[in-house]
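1. Quick one, structure for this:
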Amino acid sequence: MVISGANRTDMKKLEDLLDASLVPYPADDPAQPTWHLVLDRGYDYDACRQTALDHQLIPHIPPKASAAQPLPSPGHPDRHPPRRWVVEVAHSWFNRFRRLLIRWEKRPDTYLALLQFAATLIIYRKLRHARSLPG
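-> Next comes the predicted model:
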């Protein structure tokens, strides 16, 4: 996890986020990236694509809409399928912790500790639920 001010754009923190990854990406051939990174239109910059390639990741970033090139209609083969539900549901799980929904902590290390504690509780609850299922 990487925390920043609310007024920072996501694309400026992409490199910090990829550097903060604790699990190394396994690669059969380090010169040829095999892991994929799916991002939204907010990351449609050459710097973001280069950052992903520098971390041996294949970037999948849909282009921004412009007057010259509007977005294709939903269902058109050129339109990227929506895949952000994974991120949105994770935000929803974190928002269930009232202390995180509105940040009251002034020190970033305290807030980061609360985020990590919440992530641990979320994972524990998911594993506990998966373990109790029959089968």
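2. use CA for all of it now, contacts and neighbours both
-> Fine.
3. State the number of residues packed around residue 62.
-> Residue 62 is flanked by 19 other residues according to other CA atoms under 10 Å.
4. Quick check: it touching residue 38?
-> No: with contact taken as CA atoms under 8 Å, residue 62 and residue 38 are classed as non-touching, separated by 9.1 Å.
5. May I have the least confident helix or strand in the chain by mean pLDDT exported as CSV, CA atoms only?
-> Of all the helices and strands that make up the chain, helix 85-95 has the lowest average by mean pLDDT, DSSP states H and E, namely a mean of 80. In CSV, the C-alpha atoms belonging to helix 85-95 read as follows (Å, rounded to 0.1, in the frame of the first residue of the first chain):
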residue,chain,number,x,y,z
TRP,A,85,-14.9,-4.1,-10.1
VAL,A,86,-12.1,-5.8,-8.2
VAL,A,87,-10.7,-2.5,-7.1
GLU,A,88,-14.1,-1.0,-6.4
VAL,A,89,-15.1,-4.0,-4.2
ALA,A,90,-11.8,-3.7,-2.3
HIS,A,91,-12.6,0.0,-1.7
SER,A,92,-16.0,-1.0,-0.4
TRP,A,93,-14.4,-3.5,2.1
PHE,A,94,-12.1,-0.8,3.4
ASN,A,95,-14.9,1.7,3.7
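6. quick one: it to chain centroid distance?
-> For helix 85-95, the separation from the chain centroid amounts to 10 Å (computed by CA atoms, centre = their mean, to the nearest Å).
7. and what of stretch 98-112?
-> Mean C-alpha position of stretch 98-112 versus that of the full chain (CA atoms, centre = their mean) differs by 20 Å.
8. next one: stretch 118-131
-> 19 Å.
9. what sits up against it?
-> By CA atoms under 8 Å, 6 or more residues apart in numbering, the residues outside stretch 118-131 that reach it are 93, 94, 97.
10. ok, of these, which come out buried?
-> Among the contacts of stretch 118-131, those that count as buried by neighbour count (16 or more other CA atoms under 10 Å) are residue 94.
11. Show me which of the contacts of stretch 118-131 is closest to residue 42.
-> Nearest to residue 42 out of those is residue 94 (CA to CA; 21.7 Å).
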